[in-house]
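Participant: Any chance you can model this:
(chains A and B)
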Protein chains: 2
Amino acid sequence: MNMRPLILVSNDDGYSFPGIKVLIEVAREFGDVLVVAPQLHQSAKASSITITDPLRAIKQHEEPGLTVYTVNGTPADCAKLGLGVLAGDRKVDLVLSGINHGHNMGNSVIYSGTIGVVIEGLMAGIKSVAFSYNDYHFDCDFSPCVPYIRRIIDMTLKNPLPKDVCLNVNFPKTDDQFNGIKVTTTSLGVWTNTWDHRTDPRGIDYYWMLGEYEEQNPDDSNTDMYWSRRGYVTVTPIHIDQTDFEAITPLAKLLE
Amino acid sequence: MNMRPLILVSNDDGYSFPGIKVLIEVAREFGDVLVVAPQLHQSAKASSITITDPLRAIKQHEEPGLTVYTVNGTPADCAKLGLGVLAGDRKVDLVLSGINHGHNMGNSVIYSGTIGVVIEGLMAGIKSVAFSYNDYHFDCDFSPCVPYIRRIIDMTLKNPLPKDVCLNVNFPKTDDQFNGIKVTTTSLGVWTNTWDHRTDPRGIDYYWMLGEYEEQNPDDSNTDMYWSRRGYVTVTPIHIDQTDFEAITPLAKLLE
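Facilitator: Sure thing, here's the model as predicted:
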């Protein structure tokens, strides 16, 4: 019987992106790796799942300790299919997502497919960690992230995590090295959308969605963005329940 | 100058579904209505947005007090395009989503495109309410919901809501009438996925995702599902920040 941990790796940029290749290599130091990644770019898909179309899993590669599938779906689809079907009889010990090309701090957590993967892991009761690097370039250099990814995977496998959370790890952009790790809250902010309004060659209007992030609490020294700006790797514990408990009593009064 | 409130209405089932038609009719009693709804069924799209394809808005209908667009995108795309482009210079006073064919309680909130709409409204600083009826049939009878929708819209327009929340309203299935309104928390649970594994006419495997909801705290008398089972309309305040604040100190210890 295989006693190495089984690690499921996915992402939202798709299997063709370099970030996931780096994460796979680090994960292989710790266990057998099952990659189930989107065939196509799936950024900003949040926890979207595919219920009105069939999913297909194509085996791209197999060697001892590594199996790679791509799926015609979202990051959450990949996680579900990996955990429910492709892992077969083996129990998955750890779910990893990323390394995302671009950060997932602040309200980006709402839209992130990278986070969608670890939300699935968390709901399945499996330790889950998302990694994102604040550089959107296809060919960016992830090597400064590697020792930190190694350390966080090691910590996660060896210890019980706090109950009902997954981890959202963000690396600031650096050409050098990071200043350390900070455990943070999610900063508040909004994406202010602007729209590039065009007319197609057939005379029909269309819109490209653009967005600029506007931070609302830049001086709050607890947040991911605050410490990221100061060169720290940030680790934010994320849970699922979005109930606002403080609003319950005043809202009940309004509805009396 | 038009002094009636401007109400943006969207959903995730798509404009062709009856639920949104009922919501539009009730909304028109309170203000001018701008409908921006998905062209196609967009269930389980969460807060997914479309950043790699262009969006198109097609005007389907216009009469005094009502303008209807359909969009080739997700519920969140519709809300963003409605608020950012299609409302023009008018400020939107209220965002409504639904009426969804099927409930959005418990962890369904994670996947719901109906909720994706009101999350957008909330982030834009606009009062936002999602309505879902626990009947998945296309031709279900929404009439028992109407007086409650009327009452909740009236309350929402007349009062300041608690800070930074949108409302998730769920109607239990009934052939008669509801027992009243309860303000609730989101119940805990998971979707246990099963997979219908098939082979296509060309010999290639594919999978349909199925799911069954497993409630984890059925006896918790604070939750949406608890009160829904007892015939009450539930109203749950939802916020955006998914940080688990209690996990920060223990996690920081693990990463020291």
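
Participant: For A:Lys59, give the beta-bridge partners.
Facilitator: A:Tyr69 (DSSP bridges).

Participant: For it, give me its contacts.
Facilitator: A:Thr67, A:Val68, A:Tyr69 (C-beta atoms under 8 Å, 6 or more residues apart in numbering or on different chains). Placement of C-beta: from N, CA and C, glycine included.

Participant: So what's the predicted local confidence for it?
Facilitator: Note on A:Lys59: pLDDT of 97.

Participant: What residues sit buried inside stretch A:147-154?
Facilitator: Within stretch A:147-154, the residues that count as buried by 16 or more other C-beta atoms under 10 Å in any protein chain shown are A:Tyr148, A:Ile149, A:Ile152, A:Ile153.

Participant: Ignore what I typed, I meant stretch A:90-108.
Facilitator: Neighbour counts over stretch A:90-108 (16+ other C-beta under 10 Å) mark A:92-108 as buried.

Participant: Same check on stretch A:27-34?
Facilitator: Within stretch A:27-34, the residues scored as buried using 16+ other C-beta under 10 Å are A:Ala27, A:Phe30, A:Gly31, A:Asp32, A:Val33, A:Leu34.

Participant: Count the neighbours of the nearest residue to the third one once chain neighbours are set aside for me.
Facilitator: Nearest non-adjacent residue to A:Gly31, counting by C-beta to C-beta, 6 or more residues apart in numbering or on different chains: A:Pro5, 3.5 Å away. Neighbourhood size, A:Pro5 [other C-beta atoms under 10 Å in any protein chain shown]: 18.

Participant: And A:Pro5, how close does it get to B:Val85?
Facilitator: To B:Val85, A:Pro5 is 49 Å away according to C-beta to C-beta, to the nearest Å.

Participant: thinking again about what came up before, for the residue nearest to A:Gly31, phi and psi?
Facilitator: phi -60, psi 150 (degrees, to the nearest 10).

Participant: Please verify my assumption that it contacts A:Arg28.
Facilitator: No - checked against C-beta atoms under 8 Å, the pair A:Pro5 and A:Arg28 is beyond contact range at 11.0 Å.

Participant: so who does the residue nearest to the spatial centre of chain A touch?
Facilitator: Relative to the mean C-alpha position of chain A, the nearest C-alpha, by C-alpha atoms, centre = their mean, is the one of A:Thr114, at 2.3 Å. The contact partners of A:Thr114, taken as C-beta under 8 Å, 6+ apart, are A:Asn11, A:Asp12, A:Pro75, A:Ser97, A:Gly98, A:Asn100, A:Asn104, A:Ala130, A:Phe131, A:Ser132.

Participant: Give me the secondary structure label for the nearest residue to the last one once chain neighbours are set aside.
Facilitator: In this case it means A:Ser132. Excluding the flanking residues, the one nearest A:Ser132 by C-beta to C-beta, 6+ apart is A:Asn100, at 3.8 Å. The three-state assignment at A:Asn100 reads strand, by DSSP: H, G, I helix; E, B strand; the rest coil.

Participant: Next, count neighbours for the residue lying closest to A:Arg229 once chain neighbours are set aside.
Facilitator: The spatial neighbour of A:Arg229 that comes closest, neighbours along the chain excluded (C-beta to C-beta, 6+ apart), is A:Pro172 at 7.1 Å. Number of residues near A:Pro172 (other C-beta under 10 Å) recorded here: 22.

Participant: which residues touch A:Pro172?
Facilitator: Per C-beta under 8 Å, 6+ apart, neighbours of A:Pro172: A:Asn134, A:Phe178, A:Ser228, A:Arg229, A:Gly231, A:Tyr232, A:Val233.

Participant: What of A:Phe138?
Facilitator: By C-beta under 8 Å, 6+ apart, the residues touching A:Phe138 are A:Phe17, A:Pro18, A:His101.

Participant: at 6 Å instead, please
Facilitator: Going by C-beta atoms under 6 Å, 6 or more residues apart in numbering or on different chains, A:Phe138 touches no other residue.

Participant: secondary structure element for it?
Facilitator: Taking DSSP states H and E as the definition, A:Phe138 sits outside all helices and strands.

Participant: Can you give me the distance of it to B:Phe245?
Facilitator: 36 Å.

Participant: Quick one: the contacts of A:Pro172 as a markdown table, columns for secondary structure and distance to B:Ile238 too.
Facilitator: Formatted as a markdown table, the contacts of A:Pro172 follow (DSSP: H, G, I helix; E, B strand; the rest coil; distance: C-beta to C-beta, whole Å):
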| residue | secondary structure | distance to B:Ile238 |
| --- | --- | --- |
| A:Asn134 | coil | 28 |
| A:Phe178 | coil | 34 |
| A:Ser228 | helix | 27 |
| A:Arg229 | helix | 29 |
| A:Gly231 | coil | 34 |
| A:Tyr232 | coil | 30 |
| A:Val233 | strand | 30 |
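
Participant: ok, of those, which come out buried?
Facilitator: By 16+ other C-beta under 10 Å, these give A:Asn134, A:Phe178, A:Ser228, A:Tyr232, A:Val233 as buried.

Participant: mind listing what the closest residue to A:His239 other than its chain neighbours touches?
Facilitator: Closest residue to A:His239 apart from its sequence neighbours, by C-beta to C-beta, 6+ apart: B:Asp244 at 4.0 Å. With contact taken as C-beta under 6 Å, 6+ apart, B:Asp244 is in contact with A:Val165, A:Pro237, A:His239.

Participant: A:Ile7 belongs to a helix?
Facilitator: No - counting by three-state DSSP, A:Ile7 falls outside a helix, being strand.

Participant: That one touches A:Glu29, doesn't it?
Facilitator: No - the pair A:Ile7 / A:Glu29 is not scored as a contact, 10.0 Å apart, by C-beta atoms under 6 Å.

Participant: And A:Ser97, what's its pLDDT?
Facilitator: With respect to pLDDT, A:Ser97 has a value of 98.
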